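*Asks:* Sequence first, predicted coordinates after that:
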Amino acid sequence: MMEGKSFDYIVIGAGSAGCVLANRLTEDGRHSVLLLEAGPPDRYLWIHIPIGYAKTMVSKVYNWRFYTEPEPQMHGRRIYWPRGRTLGGTSSINGLIYIRGQAEDYDHWSALGNEGWSWADVLPYFRKSEDNERGASEFHGANGPLAVSDIHEKNELMEAFIEAAAEVGIPRNDDLNGKTQEGVGYFQLTSRNGLRCSTAKGYLGLARKRANLSVQTGAAARRILFEGKRAVGVRYVQDGGQVDVRAGKEVLLCAGAIQSPQLLQLSGVGPIDVLQQHGIAMVANLPGVGQNLQDHLQTRVMFKCRKPITTNDELRTLWGRMRIGLKWLFLRRGPLAVGIQQGGLFTRALPDAATPDIQFHFGTLTAELTAGKPHDFSGFTMSVCQLRPTSRGTVNIKSQDPDEAPAMQPNYLSTEHDRVVRVAALRVLRRLAATRAMAPYILEEYRPGPRAQSDADLLEFERNHGVSAFHPVGTCKMGHDALAVVDERLRVHGIQALRVVDASIMPTLVSGNTNAPAIMIGEKAADMILSDAR
């Protein structure tokens, strides 16, 4: 029934940014929008219960379950990269942590020549997106579609972690998205009343009743259609059939840092050598498509706890699981409402760093794998990542087959700077663990353990156990240099009526979790698109 239909805008990908566009572009009723999502609807119960990401992170239905190519600096390991495959995209399967990054991140984007992307420029869009339970302020909004909430229960282990930070000179910070990011405190989460607020729930839920919005799930984009250098539509498959639809104004690519460059290359927009290698007719030679890949490498240091107060303990017994289930059911609190990560810390690993260069996630659980089965002992985890890695990687198609995952090569630890920061970060973590505040809780360091003492030992631990923090960005970077893919209005260079709107446009990785910035990008893009349509 959709074959040959025309819409003003076609949005490819109903993720963190795509759902924002679907909402904002249909608000005034003047424009028709088709939203395409390759995955199924977001009806799975565990999407909506915060701790459910332990299930969605490995789901074969709601997750693309990508793996990198063998990583040269990580002993050839292939690193798992989950990406959301449902309405809401990765905002439906992530850890719900609401972090924007540092003001300096966005000022750096602007300094690179991207007019309109400084901190002063983007802060209004962060505020516009937010419905923060703390209310409106200089830094926060209170009437937006995205619910942002506090963790209401103090956690004994988290309080000890905050005290430990104070011992080593790191201040408490009750708003990690406020005037300054530096410090330690509880995270705010994209949730409300113990339920996840994905962009599908917050943005799409408001828009789906509008007659000018059509949402198609199970609709996997195959290629962008061009007439000369102008994008005019999209070909997708649904229920085994091929469908071509037209875009009267623009095609908006929101498939994320992995699949946006993949779809561009499959459609003939990308590095000429990649296109020629796979026999794809060239529409535009853009060398930067799939280049500039950046991600946060995260290392989980795990501890055995002296007290049976961890989430491991609560999940170990039937009674414990019943108790946390009842607590969520009747009070909307407890581990089911929060997930695993209670709070975070931002500080400097290198003394000469101008701003915090590392981030900690403090979790009240240990497991061999991220979102895996908890250990049988009482345990907690301090995870640490480098905020602004200098290593760069690539995403390139392997064939003309859209169902074949592209080759993802992040090149973790490929620069000396990154290796130095990683080791320094583990030293900071060890200092926190050695404080008086943590002494009553630490029975022993489970991994890497006391035998890992030298810099070489710690770097080897990184190579053996480092994992993705699930923040890939940068593969369709914004700018005007040789590797830029989009301009500051997110229009693809050399192409008409085509924009990329997702985390792939980030020229450099922000200092923290990437979901809130991706939503901001959607908000700002919607304003630019509507302005250009006048």
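*Replies:* Done, it's in. Numbering: from 1, shown residues only.
*Asks:* so which strand or helix has the residue nearest to T311 when sequence neighbours are not counted?
*Replies:* In space, and not counting its chain neighbours, T311 is closest to L365: 4.1 Å by C-beta to C-beta, 6 or more residues apart in numbering. For the C-beta atoms, the positions are set from N, CA and C on the backbone; glycine is no exception. When elements are assigned from DSSP states H and E, L365 belongs to no helix and no strand.
*Asks:* Would you agree L365 is in contact with E314?
*Replies:* No - using C-beta atoms under 8 Å, L365 makes no contact with E314, being 9.1 Å away.
*Asks:* neighbour-wise, which of these two wins?
*Replies:* L365 (25 against 21; other C-beta atoms under 10 Å).
*Asks:* Can you list phi and psi of N143 for me?
*Replies:* phi -130, psi 10 (degrees, to the nearest 10).
*Asks:* Quick one: neighbours of it, just the number.
*Replies:* 10.
*Asks:* same question, V251
*Replies:* Neighbour number of V251 under other C-beta under 10 Å is 29.
*Asks:* In contact with it, which residues?
*Replies:* Shown in contact with V251 (C-beta atoms under 8 Å, 6 or more residues apart in numbering): 9-10, 12, 224, 231-234, 497-499.
*Asks:* rerun that using 10 Å as the cut-off
*Replies:* 7, 9-12, 34, 221, 224-226, 230-234, 245, 267, 492, 495, 497-500 (C-beta atoms under 10 Å, 6 or more residues apart in numbering).
*Asks:* Likewise for R463?
*Replies:* Applying C-beta under 10 Å, 6+ apart to R463 gives the contacts 71, 73-77, 299, 412-413, 419, 422.
*Asks:* pretty sure it belongs to a helix, no?
*Replies:* Yes - according to DSSP: H, G, I helix; E, B strand; the rest coil, R463 belongs to a helix.
*Asks:* And the strands in the stretch 201-350 of the chain?
*Replies:* Shown for the stretch 201-350 of the chain, the strands assigned by DSSP state E, counting those that start in this stretch span residues 213-217, 220-227, 230-238, 241-253, 269-270, 284-285, 297-305, 341-347.
*Asks:* Just name the most buried of those.
*Replies:* When you average the neighbours per residue for each of the strands of the stretch 201-350 of the chain (mean count of other C-beta atoms under 10 Å), strand 269-270 leads with a mean of 30.
*Asks:* if we can go back for a sec, quick one: common contacting residues for L365 and E314?
*Replies:* In contact with both L365 and E314: 335, 374, using C-beta under 10 Å, 6+ apart.
*Asks:* ok, which stretches of the stretch 401-534 of the chain are helices?
*Replies:* In the stretch 401-534 of the chain, helices defined by DSSP state H, counting those that start in this stretch lie at 416-433, 455-465, 515-533, listed in chain order.
*Asks:* Go through the ones you listed and name the closest to Q259.
*Replies:* helix 515-533 (13.6 Å; C-beta to C-beta).
*Asks:* ok, back up a step: in TSV: the helices of the stretch 401-534 of the chain, plus distance to S129 and mean pLDDT.
*Replies:* Converted to TSV, these look like this (distance: least, C-beta to C-beta, whole Å; pLDDT from 0 to 100):
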stretch	distance to S129	mean pLDDT
helix 416-433	30	98
helix 455-465	34	98
helix 515-533	5	98
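*Asks:* Please report how far T217 lies from G479.
*Replies:* From T217 over to G479 the distance is 34 Å, taken as C-beta to C-beta, to the nearest Å.
*Asks:* again with A136
*Replies:* 33 Å.
*Asks:* Which one's more surrounded, these two?
*Replies:* Taking neighbours as other C-beta under 10 Å, A136 and G479 compare with G479 leading, 20 against 14.
*Asks:* Go ahead and confirm that one touches S110.
*Replies:* No - applying C-beta atoms under 10 Å, one finds G479 not in contact with S110, separated by 11.0 Å.
*Asks:* what touches both of those two?
*Replies:* Joint contacts of G479 and S110 (C-beta under 10 Å, 6+ apart) are E488.
*Asks:* burial measure for D376, as a count.
*Replies:* 10.
*Asks:* isn't the residue nearest to T311 right next to M382, touching?
*Replies:* No - using C-beta under 10 Å, L365 is not in contact with M382, being 11.8 Å away.
*Asks:* Common neighbours of these two, please.
*Replies:* Counting by C-beta under 10 Å, 6+ apart, the residues touching both L365 and M382 are M302.
*Asks:* related to what we said a few turns ago, so which of the helices of the stretch 401-534 of the chain is nearest G290?
*Replies:* Closest among the helices of the stretch 401-534 of the chain, using C-beta to C-beta: helix 515-533, at 18.5 Å.
*Asks:* returning to that earlier point: show me which of the contacts of R463 is closest to F461.
*Replies:* Using C-beta to C-beta, the contacts of R463 come closest to F461 at T299, 7.1 Å.
*Asks:* So that closest one sits against Q359, correct?
*Replies:* No - assessed by C-beta under 10 Å, T299 is found out of contact with Q359, at 11.6 Å.
*Asks:* Neighbours of the nearest residue to Q400 once chain neighbours are set aside, how many?
*Replies:* Once flanking residues are discounted, Q400 sits nearest to H278: 5.5 Å by C-beta to C-beta, 6+ apart. Each residue near H278 was counted by other C-beta under 10 Å, and the total is 15.
*Asks:* list the contacts for H278?
*Replies:* 265-266, 270, 396-401.
*Asks:* Buried ones in stretch 167-184, by neighbour count?
*Replies:* Residues 170, 173, 175-177, 181-184 are the ones in stretch 167-184 that count as buried (16 or more other C-beta atoms under 10 Å).
*Asks:* which regions of this protein lie under the pLDDT threshold?
*Replies:* Within the chain, the stretches with pLDDT under 70 are 371.
*Asks:* run the last query once more with 50
*Replies:* Within the chain, no stretch falls below the threshold (pLDDT under 50).
*Asks:* Could you double-check that P70 sits in contact with R77?
*Replies:* Yes - using C-beta under 10 Å, P70 is in contact with R77, at 6.9 Å.
*Asks:* neighbour count winner among the two?
*Replies:* Each of P70 and R77 has its neighbours counted (other C-beta under 10 Å); R77 has more, 17 against 12.
*Asks:* Just confirm the more buried one is within a strand.
*Replies:* No - R77 is assigned coil when assessed by three-state DSSP, not a strand.
*Asks:* please begin residue numbering at 9 from this point
*Replies:* With the count now opening at 9, the last piece we talked about shows up as R85.
*Asks:* Look up how far T76 lies from it.
*Replies:* Relative to T76, and taking C-beta to C-beta, R85 is found at 8 Å.
*Asks:* Quickly list what's touching both of the two.
*Replies:* Counting by C-beta under 10 Å, 6+ apart, the residues touching both R85 and T76 are Y420.
*Asks:* where does R38 land in three-state SS?
*Replies:* Assignment for R38 (three-state DSSP): coil.
*Asks:* Name all residues that make contact with the closest residue in space to G328 that isn't next to it in sequence.
*Replies:* Of all residues not flanking G328 in the chain, E322 sits nearest, at 4.3 Å (C-beta to C-beta, 6+ apart). By C-beta under 10 Å, 6+ apart, E322 lies in contact with 316, 328-329, 331-332, 335, 342-344, 372-373, 382.
*Asks:* any idea which of those is the one closest to M446?
*Replies:* Closest to M446, out of all of these and judged by C-beta to C-beta, is T372, at 13.7 Å.
*Asks:* how long is stretch 73-80 end to end?
*Replies:* 21 Å (C-alpha to C-alpha, to the nearest Å).
*Asks:* my guess is I232 contacts V291, does it?
*Replies:* Yes - under the criterion of C-beta under 10 Å, I232 makes contact with V291 at 8.6 Å.
*Asks:* Find residues that contact each of these two.
*Replies:* Contacts common to I232 and V291, judged by C-beta under 10 Å, 6+ apart, are 239, 272, 275-277, 503, 506.
*Asks:* Is it possible to get JSON lines of those that adds distance to V156?
*Replies:* Output for the shared contacts of I232 and V291, formatted as JSON lines (distance: C-beta to C-beta, whole Å):
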{"residue": "A239", "distance to V156": "34"}
{"residue": "L272", "distance to V156": "32"}
{"residue": "S275", "distance to V156": "36"}
{"residue": "G276", "distance to V156": "40"}
{"residue": "V277", "distance to V156": "36"}
{"residue": "I503", "distance to V156": "35"}
{"residue": "L506", "distance to V156": "32"}
